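In: Okay, here's the prediction I keep looking at, along with the sequence it came from:
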Number of protein chains: 2
Amino acid sequence: MYRVGIDIGGTSIKIGVVDDALQIVRRSAIPFRCVGGEAVAAMIAEEIHKLLAQEPKIEKIESVGVVLPGSIDKTQSIVLDAHNLDFHNVPFRAQLQAQFPELQVYLANDADGAALAELGRGAFEGCKTAVLLTLGTGVGGGVILGGKLFSGGTGLGAELGHMTLVNGGEYCTCGNHGCVEAYCSATALKRDGIRAMKAHPESLLAKKSGGDEALIDAKFVIDCAKEGDETAMAVFDAYVDHLAAACISVVHILDPEVIAIGGGVCHAGEFLFEPLRRGIDEKCFFSEHGKIVPAVMGNDAGIVGAAMLALNA
Amino acid sequence: MYRVGIDIGGTSIKIGVVDDALQIVRRSAIPFRCVGGEAVAAMIAEEIHKLLAQEPKIEKIESVGVVLPGSIDKTQSIVLDAHNLDFHNVPFRAQLQAQFPELQVYLANDADGAALAELGRGAFEGCKTAVLLTLGTGVGGGVILGGKLFSGGTGLGAELGHMTLVNGGEYCTCGNHGCVEAYCSATALKRDGIRAMKAHPESLLAKKSGGDEALIDAKFVIDCAKEGDETAMAVFDAYVDHLAAACISVVHILDPEVIAIGGGVCHAGEFLFEPLRRGIDEKCFFSEHGKIVPAVMGNDAGIVGAAMLALNA
């Protein structure tokens, strides 16, 4: 049998047909447009029916799961807020269910879906306790407890990017100061790169960008650091120290078997992971800790995680 | 049937006989002395046999549990380090087991025992997900997941006092900078009280102490704040803000049904809890969160938690 996994993002909707081995056997993508929940559900249904015109046909589908970048209510039915999709209090599970009355439909946050995908056939395979941190525009993540996706003690889920890292520190988009996201997101690395570029006109960071802020992003800072620029290196070192301290909070409350780090910043590879592991070792209260590894599911995480929601229910 | 619970501290050993309703039906205490694991086990056995000379007698005892202030190995058998007891790599479970060959013996960290006691008949009754933070010389705590004491994903347990609160901030006794313990322990409140007393000779803090550091502790700072001293109030406000930020990290990773706060600082009552809840509300990413309450088991937490280890196994 097969399951359909849907990964809705701000620009596109990715749809996949996933087999029992969690492999994506067929896939498709359509543009996302802010046309409201019902219209989006109809567009998705149309595309799924197109996809299932060939084998495996709809009769072989067991369930439909969807993940999206937003907060979901405790009943896993209503999208409370998904700013990029302009979904606010949208009963999206019911809207999609109406398109597939014969099938069970599941809804989850995309970071939770990504953690589930790592559990299915990625960095968390075989784990009971594991945590995913995704470093992008913000910092998200998901928590695996007891070998299942954890949806929070009261059903609110995890907001790992809003754990405290430097209480009273840098402003965070949530309105607080000093959240993990305000130090460990790609946005934070970019912010600190721009500041350092301005303060150090002699740096490679300044020379390569020609002082143009718009040219500087996380990758730009990492590339300059890799080339040995002291200014960029100082920014990157501070970034890694903060990320290590964020991981340390996770280690000291859950002692996970694996912490996986995902998101664009991870493309830095061992240039990131080697000092990150060293920083965590130095800060760790225990003499040992679980593994710190890159997330492996990448662009397929959403589709696979969405398809797995039925298995986690 | 009954269970024996033993709570070993740096100055005394408390022993209780606990019934099925988790009530302590008989109790006793003997002084603790640093005489090594075997001798301590023998002293405890002697006292237990004295206690059980009357009803309920030893035949009615199902198990013996012991909690102590130290780190325990993954097999819950060996005390790796308990500095106050001078126990280092002591196979204390086996040593106590040798005294009670007929009974199952259990060993745990005292903060874990306290969390278990709150689950049994305290602040966590009926909870699946709950976290205890104890504010004393250090900051300890225990985590309840799935309605049981959580011993960590790799068996190392939780060290909530060493989660990150202000990365790079105040020195912590663990060697790190900026741990929760370095801001939220009674020791930290005392440290900041002494600093403020020196900086503000006009304050009540300075006048009441006569500039004598030795007179200032957490309670002294809280009492001055309660009397309206602006200097003490500023210290206390900062303390509460840090404690709220520590709770926020817990809320954003586990979303617990209840966070209970224990330890001496809690005697401040609503003077602490009212601004603490306000601080957490302000910092919380979610529009709601679990309850923030005082721990209720107090001095009985160790005995009851130790007796409950058999139930949790």
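Out: Right, received. Where do you want to start?
In: now A:Asn299, nearest residue through space, not along the chain?
Out: In this structure, A:Asn299 finds its nearest non-sequential neighbour in A:Lys14, 7.8 Å apart by Cβ to Cβ, 6 or more residues apart in numbering or on different chains. The C-beta positions use only the backbone N, C-alpha and C, and glycine is treated the same way.
In: what sits opposite the one you found in the beta ladder?
Out: A:Asp7, A:Ala29 (DSSP bridges).
In: dump the residue contacts of it.
Out: The neighbours of A:Lys14, taking Cβ atoms under 8 Å, 6 or more residues apart in numbering or on different chains as the test, are A:Ile6, A:Asp7, A:Arg27, A:Ser28, A:Ala29, A:Asn299, A:Gly302, A:Ile303.
In: Show me which residues of the stretch 1-150 of chain A are close to chain B?
Out: A:Cys127, A:Lys128, A:Thr129, A:Ala130, A:Val143, A:Leu145, A:Gly146, A:Phe150 (Cβ under 8 Å from any Cβ of the partner chain).
In: contacting residues for the second one?
Out: Residues counted as contacts of A:Lys128 (Cβ under 8 Å, 6+ apart) are A:Ile144, A:Leu145, A:Gly146, A:Gly147, A:Glu257, B:Gly153.
In: For A:Gly228, see how far away the second one is.
Out: Plainly put, A:Leu145 is 42 Å away from A:Gly228 if you go by Cβ to Cβ, to the nearest Å.
In: ok, the two, which is more surrounded?
Out: A:Leu145 (21 against 9; other Cβ atoms under 10 Å in any protein chain shown).
In: all helices of chain A, in order?
Out: A:37-51, A:92-99, A:110-121, A:181-184, A:186-199, A:204-209, A:218-226, A:230-254, A:270-283, A:301-312 (DSSP state H).
In: now for those, which one comes closest to B:Arg33?
Out: Across the helices of chain A, B:Arg33 has its closest neighbour in helix A:230-254 (32.1 Å, Cβ to Cβ).
In: Tell me which residues of the closest one come out buried.
Out: Judged by neighbour count (16 or more other Cβ atoms under 10 Å in any protein chain shown), helix A:230-254 contains these buried residues: A:231-236, A:238-254.
In: and chain B, which of these reach it?
Out: Within the buried residues of helix A:230-254, those near chain B by Cβ under 8 Å from any Cβ are A:Asp241, A:His242, A:Ala245, A:Ala246, A:Ile248, A:Ser249, A:Val250, A:His252, A:Ile253, A:Leu254.
In: Serialize those to CSV and add fields for pLDDT.
Out: What follows is those, written out as CSV (pLDDT from 0 to 100):
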residue, pLDDT
A:Asp241, 98
A:His242, 98
A:Ala245, 98
A:Ala246, 98
A:Ile248, 98
A:Ser249, 98
A:Val250, 98
A:His252, 98
A:Ile253, 98
A:Leu254, 98
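In: residues in contact with the nearest residue to A:Ala114 once chain neighbours are set aside?
Out: Sequence neighbours aside, A:Ala301 is the residue nearest to A:Ala114 in space, at 4.0 Å (criterion: Cβ to Cβ, 6+ apart). Going by Cβ under 8 Å, 6+ apart, A:Ala301 touches A:Asp7, A:Gly113, A:Ala114, A:Ala117, A:Glu118, A:Gly122, A:Gly262, A:Ala295.
In: just the buried members of the contacts of A:Lys128?
Out: Buried among these by 16+ other Cβ under 10 Å: A:Ile144, A:Leu145, A:Glu257, B:Gly153.
In: Report the residue ranges of every domain in chain A.
Out: A:2-118+A:299-312, A:126-295 (automatic domain parsing).
In: neighbouring strands for the lowest-mean-pLDDT helix or strand in chain A, and are they parallel or not?
Out: Least confident helix or strand, chain A: strand A:71-72 with a mean of 92, by mean pLDDT, DSSP states H and E. Here strand A:71-72 has these sheet partners by DSSP bridges: strand A:79-82 (antiparallel).
In: Now tell me what touches the partner strand from outside.
Out: A:37, A:68-73, A:85, A:87-90, A:92, A:107.
In: ChimeraX command to pick out the buried ones of the residues you listed?
Out: Selection of buried members from those for ChimeraX, criterion 16+ other Cβ under 10 Å:
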select /A:37,68,69,70,71,72,85,87,90,92,107
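In: So which of the contacts of strand A:79-82 is the closest to chain B?
Out: A:Ser71 (8.3 Å; Cβ to the nearest Cβ).
In: Quickly note the distance from the residue nearest to the closest one when sequence neighbours are not counted to A:Leu68.
Out: Counting by Cβ to Cβ, 6+ apart, A:Ser71 lies nearest to A:Leu80, which is 4.5 Å off, once chain neighbours are set aside. Going from A:Leu80 to A:Leu68 by Cβ to Cβ gives 11 Å.
In: related to what we said a few turns ago, measure the residue nearest to A:Asn299 to chain B for me?
Out: Per Cβ to the nearest Cβ, to the nearest Å, A:Lys14 is found 27 Å from chain B.
In: On the pLDDT front, check that residue for me.
Out: The model reports A:Lys14 with a pLDDT of 98.
In: can you pull the pLDDT of the residue lying farthest from the centre of chain A?
Out: Farthest-out residue of chain A from its mean C-alpha position, per Cα atoms, centre = their mean: A:Glu202, at 35.8 Å. For A:Glu202, the model assigns a pLDDT of 97.
In: State the phi and psi torsions of it.
Out: phi -80, psi -10 (degrees, to the nearest 10).
In: Can you tell me how far it is from chain B?
Out: In this view, A:Glu202 and chain B are 26 Å apart by Cβ to the nearest Cβ.
In: Contacts only, for that residue.
Out: So A:Glu202 contacts nothing (Cβ under 8 Å, 6+ apart).
In: could you dump stretch A:187-207 to PDB, C-alpha only?
Out: What follows is stretch A:187-207, C-alpha atoms only, in PDB (Å, rounded to 0.1, in the frame of the first residue of the first chain):
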ATOM      1  CA  THR A 187      19.200  35.300   9.600                       C
ATOM      2  CA  ALA A 188      21.200  35.800  12.700                       C
ATOM      3  CA  LEU A 189      24.400  34.800  11.000                       C
ATOM      4  CA  LYS A 190      23.700  37.200   8.200                       C
ATOM      5  CA  ARG A 191      22.900  40.000  10.700                       C
ATOM      6  CA  ASP A 192      26.200  39.500  12.500                       C
ATOM      7  CA  GLY A 193      28.100  39.200   9.200                       C
ATOM      8  CA  ILE A 194      26.700  42.600   8.100                       C
ATOM      9  CA  ARG A 195      27.600  44.200  11.400                       C
ATOM     10  CA  ALA A 196      31.200  42.800  11.200                       C
ATOM     11  CA  MET A 197      31.500  43.900   7.600                       C
ATOM     12  CA  LYS A 198      30.700  47.500   8.700                       C
ATOM     13  CA  ALA A 199      33.000  47.400  11.700                       C
ATOM     14  CA  HIS A 200      35.900  45.900   9.700                       C
ATOM     15  CA  PRO A 201      36.300  47.600   6.300                       C
ATOM     16  CA  GLU A 202      39.700  45.800   5.900                       C
ATOM     17  CA  SER A 203      38.000  42.400   6.100                       C
ATOM     18  CA  LEU A 204      37.400  40.000   3.200                       C
ATOM     19  CA  LEU A 205      33.800  40.200   4.200                       C
ATOM     20  CA  ALA A 206      33.800  43.900   3.400                       C
ATOM     21  CA  LYS A 207      36.000  43.600   0.300                       C
END
